[in-house]
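Asks: Next one to model:
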Amino acid sequence: PELKIIIGGPEVTYEIDHFLDEFEIDYIMAGEGEVALNQLLTALENNEEVKLQGISMKEHRDPRLIPPVDLSYLETLESPYLLERDMKDMKNRILYFETSRGCPYQCQYCLSSLEKGLRFFSMDYLKQQLKAILNTDVKVIKLLDRSFNAKTEHALEILDFVFKNCHPGVQLQFEINGDVLDQRIIDFINEEAPDGLLRFEIGIQSTYEPTNKVVQRYQNFERLCDVIRQLQQNHKIDFHLDLIAGLPLENLQRFSKSFDDVFRLYPKELQLGFLKLLRGTSLRREANKYGYIYEKHAPYELIESHDLSKEDIEKIEKGQADWLHYDVMDGHFVPNISFGYSILEDVSKVTNLFLDVHLMISEPQKYVDEFIKSGANLIVFHIEAMDNKEDTLVLIHHIKENGVRVGISIKPNTPVDAINDYLALLDVVL
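Replies: Predicted coordinates:
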């Protein structure tokens, strides 16, 4: 009975009454704890009355947050990144590092939107810490910053320091807002970044503007695509792109469009998550408005809504697709480079889906047999890649004779009548 239970963190910060009423908890700390925890422990040790902003107990509840910690004070403390007990296992750890606190955005499904203001550690401190960290055998450093590029000069200075001091085999992971990434950062990365050093995580979440407006996740998707493609040119960066299923106004059909939009960017990783109705967020407070039914225990994942039925969510979870669309790009017919026939062969071994292969390449007749052997069920080639009608007809018949369906694709500026002579022979027009 003498044991004191103190809890904190985002799960309990915004609904203190629920946790104090339902659980045998002595104190809840709502906010940053580096200073407040020491103050609380000191008060308890001295048998003093606890009256600290943001610290609540059953008989005295404070709805305010603990005042934000002065980051210059944290800089005087022992480094949390280089604790002696962690050093021997550094190469097997993901080291989390922060250069700032707070978030400049107001996404209504995210707890970070409740933090007010954006604060940065001093550059001298950050360089000192990074220098020491990079002198260890650490392999992965993940920045906790909610938007690393919120302050361009800050981001550029960190990148410049890391480029000059990193060792082979280390990777730094950043969360960025891609559509507002300054062109100076893009150019600097393309010119100076070592290969394989950077991994960018971008939370796209949805490409549907009405949805983004409701959740206050404003983004210019056209600019975002341009930024990603610029950074993909030198193959220096691994991209991890996020989508959320279940956001307001986005039904199954429209979510499929968001998925296709993001998949066409060919990230190394595409993470699909389902909406979580987190305590304290605006979407949780407005759950009835959108018909949200969600799990009553953490992580509060969506069960159904006005826009997505249980059956819709099950389809997304199981990925109930009939076809797999496989884009092939050669860096010549189109500027990007993507998958080839060897990867298609690997894909065909692990799926029974219909494989729709779209050849965005020059001289498709030279490579079509490899894609047929690799498991293509449908091959679509571009009319613009063919020299004449005779070669086009030969290619169509060759594909069909091998038991594979055939289609032709045209670019937006190509007249539709360019394919009139072939329509009767085609299974698909794209």
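Asks: Can you tell me which helices and strands the helix or strand containing residue 226 packs against?
Replies: Element membership of residue 226, judged by DSSP states H and E, is helix 221-232. Packing partners of helix 221-232 (3 or more Cβ pairs under 8 Å, 6 or more residues apart in numbering; DSSP states H and E): helix 183-192, strand 198-205, strand 237-245. The way it works is simple: take the backbone N, C-alpha and C, and place the C-beta from them, glycine included.
Asks: Of these, give the one that comes closest to residue 281.
Replies: Of all the helices and strands packed on helix 221-232, it is strand 237-245 that lies closest to residue 281, at 12.4 Å by Cβ to Cβ.
Asks: Look at residue 358 and give its secondary structure.
Replies: Of the three states, residue 358 takes strand according to DSSP: H, G, I helix; E, B strand; the rest coil.
Asks: What distance do you get for it to residue 406?
Replies: 12 Å (Cβ to Cβ, to the nearest Å).
Asks: for residue 85, same thing?
Replies: 63 Å.
Asks: which of the two has more neighbours?
Replies: Legend: neighbour count by other Cβ atoms under 10 Å for residue 85 and residue 406, higher for residue 406 (21 against 6).
Asks: Just the element for that one, please.
Replies: strand 405-409.
Asks: got the CA positions of that strand in CSV?
Replies: Output of strand 405-409 as CSV, limited to C-alpha atoms (Å, rounded to 0.1, in the frame of the first residue of the first chain):
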residue,chain,number,x,y,z
ARG,A,405,-3.8,-11.0,-73.1
VAL,A,406,-2.7,-7.8,-74.8
GLY,A,407,-3.4,-4.1,-74.5
ILE,A,408,-2.2,-0.8,-75.8
SER,A,409,-1.7,2.4,-73.7
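Asks: Which secondary structure elements does that strand sit against?
Replies: By 3+ Cβ pairs under 8 Å, 6+ apart, strand 405-409 packs against strand 378-382, helix 389-401, strand 428-429.
Asks: Return the list of strands paired to the shortest one, each annotated with direction.
Replies: The reference is to strand 428-429. Applying DSSP bridges, strand 428-429 is found paired with strand 405-409 (parallel).
Asks: for the record, mean pLDDT for the partner strand?
Replies: Strand 405-409 shows a mean pLDDT of 96.
Asks: try stretch 139-146
Replies: Per-residue scores along stretch 139-146 average to 94.
Asks: repeat for stretch 113-130
Replies: For stretch 113-130, the per-residue pLDDT averages 92.
Asks: Same question for stretch 11-29.
Replies: Computed over stretch 11-29, the average pLDDT equals 95.
Asks: just the helices in the stretch 301-430 of the chain please.
Replies: Using DSSP state H, counting those that start in this stretch, the helices of the stretch 301-430 of the chain run over residues 310-318, 341-348, 368-373, 389-401.
Asks: go on, the stretch 51-200 of the chain?
Replies: Listed in chain order (using DSSP H, counting those that start in this stretch), the helices of the stretch 51-200 of the chain are 71-74, 84-87, 123-134, 152-165, 183-192.
Asks: Now distance to residue 240 too, for the ones you listed, in CSV please.
Replies: Output for the helices of the stretch 51-200 of the chain, formatted as CSV (distance: least, Cβ to Cβ, whole Å):
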stretch, distance to residue 240
helix 71-74, 27
helix 84-87, 25
helix 123-134, 22
helix 152-165, 18
helix 183-192, 16
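Asks: By mean pLDDT, show me the worst of the ones you listed.
Replies: helix 84-87 (a mean of 90).
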